[in-house]
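Student: pasting the sequence and the predicted model now:
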Amino acid sequence: MAIPLFPNDCYHTPPGRERLAHRLLLRTRIYYITRFIRVVFRYLPDARAGTFDHEKWCRAAYEVFRIIEECGGCFDIRGLKNLQKSDTPVVIVANHMSTLETLVPPAFIYPYKKPIYVVKEQLFNVPLFGLYLKNCIGVTRKHPAEDFRQVMTRGADKIQAGNSVIVFPQATRSPTFQPEKFNTLGVKLAKRCGVPVIPLALKTDFWGTGKLI
């Protein structure tokens, strides 16, 4: 078992993590984007070869995590004991506010759990990034019956193989928390597989939904 990067129940970004280079660049996105692109290309050979496993995913996510801190971003993570105390796979049900929710969580979820995301299948075709999503579960978000069947069958297979499934029960990313728009897909998957549900409440200010990315 790999050593967890976050062994405690909570994590709060300590002061002084912001880099001078980011300040010298007037706190624009230049520092973040250039560093982020370097991470993408560093692990691209593994993604192409199909060797981008959970451990490498965790490492890449942690690199993005640290880059965010270097750009003045602050993390406030609580409740990791809920991942630690369960010795079975789980279904993680989370709200979805920005791209960061698919970039950062593997850093603190693994090695307690081996995360697999339910994502829009169109993302598989995005240049470069689609290669990283080969093991994820794709849904159309247009055909509920087919999406339900896909998640129930593939999700059950992933859980049986020892993975935990992360579900965003919203039609799309939203800058506000709207529980009335959540579906019950994650709960139904957990019930079918007999595994716990762990709710993950997210508030992402660093990276919004964006117009281009």
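Tutor: Right, received. Where do you want to start? Residues are numbered from 1 along each chain as shown.
Student: rest of the way, CA atoms for contacts and neighbours
Tutor: Fine.
Student: so which elements touch the longest strand along the chain?
Tutor: Across the chain, the strand with the greatest residue count (assigned by DSSP state E) is strand 115-120. With contacts defined as 3 or more Cα pairs under 8 Å, 6 or more residues apart in numbering; DSSP states H and E, strand 115-120 has these neighbours: strand 137-139, strand 164-167.
Student: so what strands line up beside the first one?
Tutor: Using DSSP bridges, the strands paired with strand 137-139 are strand 115-120 (parallel).
Student: tell me how far the partner strand lies from the chain's centre.
Tutor: Offset of strand 115-120 from its chain centre (Cα atoms, centre = their mean, to the nearest Å): 8 Å.
Student: for stretch 71-87, same thing?
Tutor: Relative to the chain's own centre, stretch 71-87 is displaced by 13 Å; criterion: Cα atoms, centre = their mean.
Student: with stretch 25-33 instead?
Tutor: 23 Å.
Student: and stretch 83-98, by the same measure?
Tutor: How far stretch 83-98 lies from its chain's middle: 10 Å, per Cα atoms, centre = their mean.
Student: same check on stretch 51-64?
Tutor: Centre-to-centre, stretch 51-64 and its host chain are 11 Å apart (Cα atoms, centre = their mean).
Student: pLDDT of it, averaged?
Tutor: Mean pLDDT, computed over stretch 51-64, is 96.
Student: give me the buried positions along it.
Tutor: Within stretch 51-64, the residues that count as buried by 16 or more other Cα atoms under 10 Å are 52, 54-64.
Student: do the same with stretch 35-55
Tutor: 36, 39-40, 43-44, 47, 52, 54-55.
Student: start to end distance for it?
Tutor: 20 Å (Cα to Cα, to the nearest Å).
Student: what about the helices in the chain?
Tutor: In the chain, the helices defined using DSSP state H lie at 20-24, 30-42, 44-49, 54-70, 81-84, 100-103, 106-109, 144-160, 185-193.
Student: select from those the stretch with the lowest mean pLDDT.
Tutor: Note on the helices of the chain: lowest mean pLDDT is at helix 100-103, with a mean of 87.
Student: off-centre distance for that one?
Tutor: With Cα atoms, centre = their mean, you get 4 Å for helix 100-103.
Student: which residues are in contact with that helix?
Tutor: Applying Cα atoms under 8 Å, 6 or more residues apart in numbering, the contact partners of helix 100-103 are 61, 64, 117, 202, 204, 207.
Student: circling back to that earlier point, hey, which of the helices and strands packed on strand 115-120 is tucked in deepest?
Tutor: Of the helices and strands packed on strand 115-120, the one with the most neighbours on average (mean count of other Cα atoms under 10 Å) is strand 164-167, at a mean of 26.
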